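coordinates only, no sequence provided:
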């Protein structure tokens, strides 16, 4: 008998922590960019990655599955855009083509935007 798939996780507190390799890779990339993230911003971005890893098992949100690679190729690459906004506060942000929430979620979290809209062509 076929049974419906298990629901996708929505509670980050029930997901496993990110491995040290993720933390080390992201710390190295942030240092290379000269970026510092407040603890709550870092926690929000890390929680997004935890959800991404869990959801990626059921829905192909990204082909990058290694946490350290996600840290560099998704999170750090997204945050590299912050230099373009330097000195220009942004209240609203629109991310067109936001596969897996990148770059919109890390950029929006780091900039503290009030209104963030992510749009992707995949339902």
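Received, thanks. Since the model is a prediction, treat every value here as computed from it, not as a measurement.

in this structure, which spans are strands?
Under the criterion DSSP state E, the chain carries strands at the ranges 92-96, 115-119.

need the longest helix for the chain.
In terms of residue count, the longest helix belonging to the chain (DSSP state H) is helix 39-56.

and the least confident helix or strand in the chain by mean pLDDT, what does it pack onto?
Least confident helix or strand of the chain, by mean pLDDT, DSSP states H and E, is helix 82-85 with a mean of 90. The elements that helix 82-85 packs onto, with contact taken as 3 or more Cβ pairs under 8 Å, 6 or more residues apart in numbering; DSSP states H and E, are helix 104-111. (C-beta placed from N, C-alpha, C; glycine too.)

packing partners for the helix it packs on?
Against helix 104-111 (3+ Cβ pairs under 8 Å, 6+ apart) you get helix 39-56, helix 77-79, helix 82-85, strand 92-96, strand 115-119.

what residues does it touch?
Residues outside helix 104-111 that contact it (Cβ atoms under 8 Å, 6 or more residues apart in numbering): 35, 37, 41, 44-45, 48, 74-75, 78-79, 81-82, 85, 89-90, 93, 95, 98, 116, 118.

swap in stretch 73-87?
Residues from elsewhere that reach stretch 73-87 (Cβ under 8 Å, 6+ apart): 25-26, 29-30, 33, 35, 45, 49, 62, 64, 100, 102-107, 110-111.

would you list the buried entries among those residues?
Among the contacts of stretch 73-87, those classed as buried by 16 or more other Cβ atoms under 10 Å are 25-26, 29-30, 45, 49, 62, 64, 100, 102-107, 110-111.

point out where the protein drops to low pLDDT.
When residues are selected by pLDDT under 70, those of the chain lie in 1, 3-4, 123.

switch to 90 and redo it
Scanning the chain with the threshold set as pLDDT under 90 gives 1-7, 57-62, 83-89, 98-99, 120-123.
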